[in-house]
Each structure stands twice: as structure tokens, then as C-alpha cells.
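A.B. asks: Below are the sequence and a predicted model; questions follow.
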There are 2 protein chains.
Amino acid sequence: MSALRSLAIVPSVSRVETADEAGNPLVLRLQRLAALTAADISALEHLSLHPRRYGPRVDLIRDDVVPKDAVVVLEGFACRYQQRGNGRRQIMAYLLPGDLCDVDAAYLGRMDHAVGTLSPCLLVRIPRQALVDLIAHHPNIAHALRLAKLSEEATTREWIANLGCRSALERMAHLFCELMARSEAVGLVQDGSCPLPLTQGDLGDTLGLSNVHVNRTLQEMRRHGWVELRGKSLRLLKPKQVQRVGEFSPNYLQPTSPANVHF
Amino acid sequence: MSALRSLAIVPSVSRVETADEAGNPLVLRLQRLAALTAADISALEHLSLHPRRYGPRVDLIRDDVVPKDAVVVLEGFACRYQQRGNGRRQIMAYLLPGDLCDVDAAYLGRMDHAVGTLSPCLLVRIPRQALVDLIAHHPNIAHALRLAKLSEEATTREWIANLGCRSALERMAHLFCELMARSEAVGLVQDGSCPLPLTQGDLGDTLGLSNVHVNRTLQEMRRHGWVELRGKSLRLLKPKQVQRVGEFSPNYLQPTSPANVHF
DNA sequence: CGGCGCCTTGAGAGTAATCAACGATAGTGG
DNA sequence: CCACTATCGTTGATTACTCTCAAGGCGCCG
């Protein structure tokens, strides 16, 4: 893995700070999952050429619709969610920068859930055919996308465990650890802080808690000196303790192919 | 869909009741997802030739291990689960007859969860290579497996919604509806009853409830006259009401390709 | 027959939801 | 520039759902 990482290192002196200041998050993400050639990287960057800005709380793919293309998040947080009859909303997955939503759009029928932005976002929509071509001509990318998908599935399972057998405090600790790790993987951690552009209501809809209880749980975390929330960013002051409380282990976020498993 | 179904109908007079009395559940399952040729069906049946019996509560794939092959359930219930540090177990998916576990074993690294039987089971393990060959030579099966995977993912998301924003009674109602629908899809519903070879403890580990509360919730469902639990089978006496309470809609269980969506 | 696992019941404790109100903040329009 | 409004965060009081602990019953298998 460290071998793969070193491929990603670009001398920062020579880098121009462009629109994507920190590098293309999709490239950063997939580079952690498979070795990419220069051609692979430029193909990915080509995909991200014409992103569009979206406001917060905007639906990208509505429930019950047949999606036409995939979505890549470049900036901001989006999510998969379901609006329930009793007025409640359940968020079933976060889409962070570098995440690709519905790669197999080609095989998808009607959506059983919606996809929408949480914060303001910079997004690219990728037509079905472009995705098919990409996968056909770039086996490394295809492999990385498969692993990314496995990672998403594992994350979904982890959320089930989170909701099913942890207290409010434990759930929140686990979620914060996950967000920190995922942010780190796409270069969004600065100074030990990662972005958290969510309202307490959003957190509640994620963790199955009321916004009032989210508020009190956050206060408890602050009281323990575990976390600091300032602006829209999160800092873990005592990462080890938060991980222990949330029973967090980052393995599920970075799946490896059998070929890569040596020990 | 009804066109697909009719392909599956075999004159029952001419059928010999063999070990798999009700037909191969894997075939039944995949036939609902794609049209299969006689060659496809015989290939699937060939896979299931040498099943093995397992007792209840037996681990099939342990946590933290690199799985070597996929598993098909022919009889009984298995599950994906995670054992948590606090002594709790969270079940993250049920594997019913006809379900194929870890089709992409070829791409899987270490498991982040375990797979084990709940009830006594009849199972087949399918070596990686056999699966790769099957997919390569049977495009219809490959397609059906993709849809089955989508169905599993949708089910996992649905469980998140179940845990995150429903009461004990609602969760249980939803789960029972799902089990009934999935059983129906593989010919396991007889007389309005489907198999439910689970203990109340298993249900608790699925729904994020204590076994005591599962017991009381079951009593409430019986008191309402909604369900009947006898032997190890479940009958919905007032299916409509149970569906309403659980906000259940079966769409997520049977994904369709865009090509199949006409209306 | 004894033991074990599972189901059942009761009592009490605790966690989280709901309801209601107020404060802070940011964006909007006059 | 400031009032205005909406959204979000915070707090208190009360309710309710679910858990834990404890004990007894039932049925099955050795």
C-alpha cells in the first residue's frame, strides 16, 4: 500500500493551486485501491472536466426513477436517503469527495432510494457510455472501482451494526472515525481536522437519533474533550479514545484484493 | 415478468420429487431475474450436485479471513453477522435458499464480517474458478447474478432504514414481510406460511432489540391477530396491515434492468 | 430423569423521544 | 446599514420505549 501511495506524491513546489486545490479526489481515492498509470489518471481527470455546482439539500436522483448516469462528488457531502411515511428521513450512505455513485447505472432499474446533496457540492455527472468505455479501456480503474464498491458495501454493513447495537455516544464516535478516515483518504484532512458540513439534524437522520439527542450527545463528547467542532469541520482531540468507544477499525474502508494479501 | 415466470413452469405430473422437492431454489431465484435457457438451468443444477449438510450456528466463513469460494444456500437460513466487543451480535443479512454469498469472491480480500448458519442448512460451496467459468459462459446467469447482487444491496439499505427510523413493532412487521416475499420467490411459501427457523434471540440480533423485547413485540403482533408462529413457520394473517405497519413495499427485492422497464 | 436451551413474565432502571421555548447566526430585502 | 426571517443550535421538562436483571416454565435430547 505504501508503494501505491508513493506513486501519488507530487512535489508540492511544482504544483499549481488550481480549482481542485488538493488534487482530483477521484484520482486520490482510486489510487489507494489500485496502481494507476498516467493514462488512467488523465482519463479520470478528463471525466471531471465539467463539474457543476449544486446547492445544499438538492435532489440529484429521485426515488423511483431510472438513473441515466453516474455521479462523482468532487467537493461537499451528498447522501443516499429515503424519505419515510412518518415524516422521517433515513440517510443510508454518505457520498464524500472522490466517491462515485451508481457505477453500475447500466444495470440499474428504478431507484429504491434518492440521492441528494447535504452541503453545497461540486459534482460531475458521467453518462453511462463514458463509464462503460472507461472500464473497458482501463483495467486498473475497473479494478479500483470494484474495490470502491466493496468498500461501499462494507460501509453499509458497518452502519447496520452501528444502528443495531450501539448507544448514541458509540454510534457518533464510530461515525466520526469513519468520516475522518474517509476524508484522510482523499486529502481532506488538514491539521487533524476534516470537513463536517452537516447539521445536527442530518447527523440525527444518519444515526437514527432525534436532533435534540444529537445535540446532547455532541455536548457529552465535547465535555469528555474528545472532539472539537468548529466552523464546519471536525477535529478528534483524543482519536484513540474515540475509536475505542466507537469500536472503530478502519479495515472495512480499504478492501484489498486477494493478490495483495501477503501476510 | 410474467413471461419469465411461465418459462419456469414445469408440468408437475412429470416431475419426480427428488432431494430438492420444490425445485432448485437457485434456479427459481435467478429465473425471476433473467430468462434462462435450458443450458443455463442445467449448468446451475450441475453446481448444486454435491451439497453438504451443516448444523445450526456453524461458521461458514470466519471474520478476517480471505474466502476461497462462494456459498449457495439450498435449504435453511444462514446469515452475515458481526460479533461485537460488548458481547452483542449484529446480523447484517439473511441468506435464504437460492441466495448466493460472495459472488465476487475473486475480488474479495479479508472478510470484515463472518458468515454462519442460523438453522440447519444444506449448502454448496462453489470454487472461485467454477464461478468465473459460469459467468463467462452464461451471460443470462451473469446478468441474473448482477441483479441478485443489486437486490442484496437494496435489502441492506432497507435494513438501515428499518433500524434507523422504526419502532420495534414496525421493524418486525417489515422483516416478516420481507421474509415472506423472499420465501415466495423461491417457492417456500405453502398455504400462506413461510419458514422461520430462527430463535427470538436471532430476531433480536437482527432487529437491534433484546430477546425480551422481541418476545413482547411478538405477543403484541399475535394479540392484534396479525401473525401466527407455529413450529418454525410464519403466517401473515393480515398481510395488508402488516405491510402498512412496516411500511413495506417489495420493489427493492426484485430489481429490473432498464431494458425491462417499460412503463 | 436431568440438564440445557428457549420462551415467558415481572419489576425497575435508563436511554432517547417529544414538546416547547429561546438564543444564535446568516442571509435577504428595504 | 439595519431590521427581518429562517434555519440551526441549545436547554428544560416530561413521556415513553426499550433494556437489564431475575426467575420460572416448557420441551427436547442425552
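C.D. replies: Sure, I can see it. Numbering: from 1, shown residues only, chains lettered A, B, ... in the order given.

A.B. asks: Look at the closest residue to DNA strand C within chain A and say how many residues are nearby.
C.D. replies: For chain A and DNA strand C, the shortest gap (C-beta to the nearest atom of the strand) falls at residue A:213, measuring 2.9 Å. Just so you know, the C-beta spots here come from the backbone N, C-alpha and C atoms, and that holds for glycine as well. Look at residue A:213: counted by other C-beta atoms under 10 Å in any protein chain shown, it has 15 neighbours.

A.B. asks: List phi and psi for it.
C.D. replies: phi -70, psi -30 (degrees, to the nearest 10).

A.B. asks: now the one 10 residues further on
C.D. replies: Taking degrees, to the nearest 10, you get phi -60, psi -40 for the backbone angles of residue A:223.

A.B. asks: Okay, it and DNA strand D: tell me how far apart.
C.D. replies: 10 Å (C-beta to the nearest atom of the strand, to the nearest Å).

A.B. asks: what's the answer for residue A:94, then?
C.D. replies: Taking C-beta to the nearest atom of the strand, one finds residue A:94 at 16 Å from DNA strand D.

A.B. asks: Could you tell me whether residue A:122 really is in a strand?
C.D. replies: Yes - with DSSP: H, G, I helix; E, B strand; the rest coil as the criterion, residue A:122 is part of a strand.

A.B. asks: which residues sit in contact with it?
C.D. replies: Residues near residue A:122 by C-beta atoms under 8 Å, 6 or more residues apart in numbering or on different chains: A:51, A:52, A:53, A:54, A:73, A:74, A:75, A:76.

A.B. asks: Quick one, grab the pLDDT at the first one.
C.D. replies: Spelled out, it's residue A:51. Residue A:51 carries a pLDDT value of 96.

A.B. asks: what do you get for the fourth one?
C.D. replies: Residue A:54 is assigned a pLDDT of 96 by the prediction.

A.B. asks: what do you get for the fifth one?
C.D. replies: We note a pLDDT of 98 for residue A:73 in this prediction.

A.B. asks: Figure out the helix or strand that it lives in.
C.D. replies: Per DSSP states H and E: residue A:73 is located in strand A:69-75.

A.B. asks: So which residue is dead centre in chain A?
C.D. replies: Nearest to the mean C-alpha position of chain A, by C-alpha atoms, centre = their mean, lies residue A:96 at 3.1 Å.

A.B. asks: Do I have it right that it meets residue A:73?
C.D. replies: Yes - with contacts counted by C-beta atoms under 8 Å, residue A:96 reaches residue A:73, the gap being 6.3 Å.

A.B. asks: Now list whatever residues contact both of the two.
C.D. replies: residue A:25.

A.B. asks: Just want to check the distance between residue A:23 and residue A:221.
C.D. replies: Counting by C-beta to C-beta, to the nearest Å, the gap between residue A:23 and residue A:221 amounts to 31 Å.

A.B. asks: now residue A:85, nearest residue through space, not along the chain?
C.D. replies: The spatial neighbour of residue A:85 that comes closest, neighbours along the chain excluded (C-beta to C-beta, 6 or more residues apart in numbering or on different chains), is residue B:247 at 5.4 Å.

A.B. asks: Can you verify the one you found is assigned to a strand?
C.D. replies: No - counting by three-state DSSP, residue B:247 falls outside a strand, being coil.

A.B. asks: On the pLDDT front, check it for me.
C.D. replies: pLDDT, residue B:247: 97.

A.B. asks: How many residues are close by it?
C.D. replies: Neighbours around residue B:247, by other C-beta under 10 Å: 18.

A.B. asks: Over to residue A:180?
C.D. replies: Using other C-beta under 10 Å: residue A:180 sits among 25 other residues.
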